[in-house]
Each structure stands twice: as C-alpha cells, then as structure tokens.
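[1] Model the following, please.
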Amino acid sequence: MQFTSKTDETGQSGRKPWFAADPLMQSAQMAQQAFEKATLYIVGLPIGNTADITLRALWTLGFCDRVACEDTRQTRKLLNRYGIEVPTISVHEHNERSAAEKLIEYLRQGERIALVTDAGTPAVSDPGARAVQSVREAGFRVVPVPGASAVVTALSASGLDSYRFTFVGFVPPNAKARRTELEKLAEKEEAFVLYEAPHRIRELLTDLSEVLAADRRVVVARELTKRFETFDAMTAGSLKAWAQQHEPQGEYVVMVDMQPARDVGLTAADFKWLHAVARELPKSRAAALAARVTGMKRDAVYQLISSWDEDD
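    Residues are numbered from 1 along each chain as shown. From the prediction side, this is the model:
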C-alpha cells in the first residue's frame, strides 16, 4: 500500500499513510510530535539492514513533501519497501551547491524536505554538509532525525578502548598523501577510525602495517549489519598478510586501538625502526642495538621483540 503525503497548515496530512495507525507509531506518539513546515530534516537511514530504520525516520519520510537523495534510485528502493510514495530530488557531491538552491526554493514555499544519503547519516563522510550550510544561511530550520552510523556501529562490537577516538573517515586515495596522513595518525595515542572502499583496502592495510607499531591492535569490519558481516581483530604486524589472504568485498571500517602503554620507555618512532630491525637481525642483536641507541635495558627490549613473534 502506498500513499502520497499532502500536509495542511497544521502539519497534519490529508491522507494518512498506512503506518499512521500502527500501534508502534501510536505508542511513540508520533502524531503528537512537532513537524514544522519550511524545515529541512536530516534523516539517518540503515547502513545495510533495512530493518534498522527508526519509527521517526519512517514518519518523516512519509510526511515530507519531497526527499533529497544522494542517489534517487537507491532511496526509491527503500521508500518502495515501506510503501512511501514521495517525490525525490537528486543532491550529490557533484551538484550539491546548485541543488541546495532548489531546496531553498521549496522551503520558501513552506515545504518539508527530508535529506538522505544512500546509507547512514548525511553530511558525515557523505554528501549533505554544503546543502545544510546553505539552508541554514538562508534562515531555514534544520532538524536531525538520528539513525545508523557505521563508525559507532563498528566500534560498539570491536572491543577496542574507544572512550576517546578520532573519526577520520576516508583518507586520500593518492598513495603519497595517504601515507603521509596515516603516519600522522599513527603518532597519536588515541584510537582512530577509517572508512575504505573494497578496491583500495589492500593498499590501506599495507600502509597501516608499516606505519603502526607492530603490536598495536586493529579491527577490520566489513559488510556491517548485512548477512556476511565480519569483524577480524589482529595486530598491525599481521595486517598485510590478512589483506592478501582475504578477497576485498563490501565497504570497510578499520579501527585502530589506542597506543599501548610502553613500559620499556620507547617512543612510537623507536618502535617503528625497532620493528624493521627485528625483521632483519636476530632478536639478541636487535635488542642490543636498541639498548645502545635508546639507553633502555636490553632484556626489556628483547622481551618486547619476542612478544611480536608470539602475536604473529
């Protein structure tokens, strides 16, 4: 059953959607919530499993006058699944500035507009930020309707110490720029989260294996909320081998844990060259060299190098 939303001056629809009388909607008191005209609603959508959509998101999509989409074809699939027939407009990274002007014209006519992306929350590693900025500058209200977020979803099931973390999203695709940014991130103590597409995941993991301390924990998640969802935890020293053994598939979230506490007194830079030396020299010689250079106790460095072997 489908419907077309037609709202009057009070915000109530002349034609109620099929879910307007649903007990869940009534329990959530959706009909009593404010739904103002001339407002842009930022609606979070599922990141994979369509059952993750919220009641408020459904209600907003159903009663808005039109939906602004990253890809109208993708959004139409979701709208059709829930029996929502509302006009759509394309707003993506290549037309965002000009499309924002169209949104503002609709808002001036008193329309309610929902802004969505293909998956997750708009304007976060996805198009939408420029449109939101333009709408705000034009004096119209912007209301967030929270939904799924890949970074929070992945972290919640990762087991990493993520009380404080840096959300990076996608790093530059250029090899040199990517390496430079990853080296800067590797120097920080807090956890950080990356997004990556399947055709670049091997290059990303290879770079991470070379810039991170070998014992730093990493979790690679893919196909979140979908049938073949996986979480693989490992140390940074194992990333390159893992990347070669697994065929790239789906979108990835790569989570790097906090920098481990260092009892031996080595800096992150020390750990990088020590790991390189340990791969070329016997453990005893590598430990002796590190002790001379850093002033640390040889036995402590030797135990650290031995722990890397155990992780591998």
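[2] Distance check, Asp257 against Leu185.
    In this view, Asp257 and Leu185 are 12 Å apart by C-beta to C-beta, to the nearest Å. (C-beta placed from N, C-alpha, C; glycine too.)
[3] Which of those two has more residues huddled nearby?
    More crowded of Asp257 and Leu185, by other C-beta atoms under 10 Å: Asp257, with 22 against 18.
[4] The more buried one: what's it in contact with?
    Asp257 is in contact with 160-161, 191, 216-219, counting by C-beta atoms under 8 Å, 6 or more residues apart in numbering.
[5] Lowest-confidence member of those, which is it?
    Among the contacts of Asp257, Asp161 has the lowest pLDDT, at 78.
[6] Can you list phi and psi of that residue for me?
    Asp161 adopts backbone torsions of phi -80, psi 80, taken as degrees, to the nearest 10.
[7] hang on, it packs against Ala191?
    Yes - with contact defined as C-beta atoms under 8 Å, Asp161 reaches Ala191; the gap is 6.4 Å.
[8] For the contacts of Asp257, work out which two are farthest apart.
    Asp161 and Val218 (12.7 Å; C-beta to C-beta).
[9] ok, these two, which is more surrounded?
    Taking neighbours as other C-beta under 10 Å, Asp161 and Val218 compare with Val218 leading, 25 against 13.
[10] who touches the helix or strand containing that one?
    Assigned by DSSP states H and E, Val218 belongs to strand 217-222. Residues outside strand 217-222 that contact it (C-beta under 8 Å, 6+ apart): 154, 157-160, 205, 208, 212, 229-236, 239, 242, 249-257, 260.
[11] what's the answer for stretch 44-53, then?
    Stretch 44-53 is touched from outside by 54, 57, 75, 78, 81-82, 116-122, 144-150, 153, 223-226, 229, with contacts defined as C-beta under 8 Å, 6+ apart.
[12] what stretches of the stretch 151-300 of the chain score poorly on pLDDT?
    Low-confidence segments of the stretch 151-300 of the chain (pLDDT under 70): 260-267.
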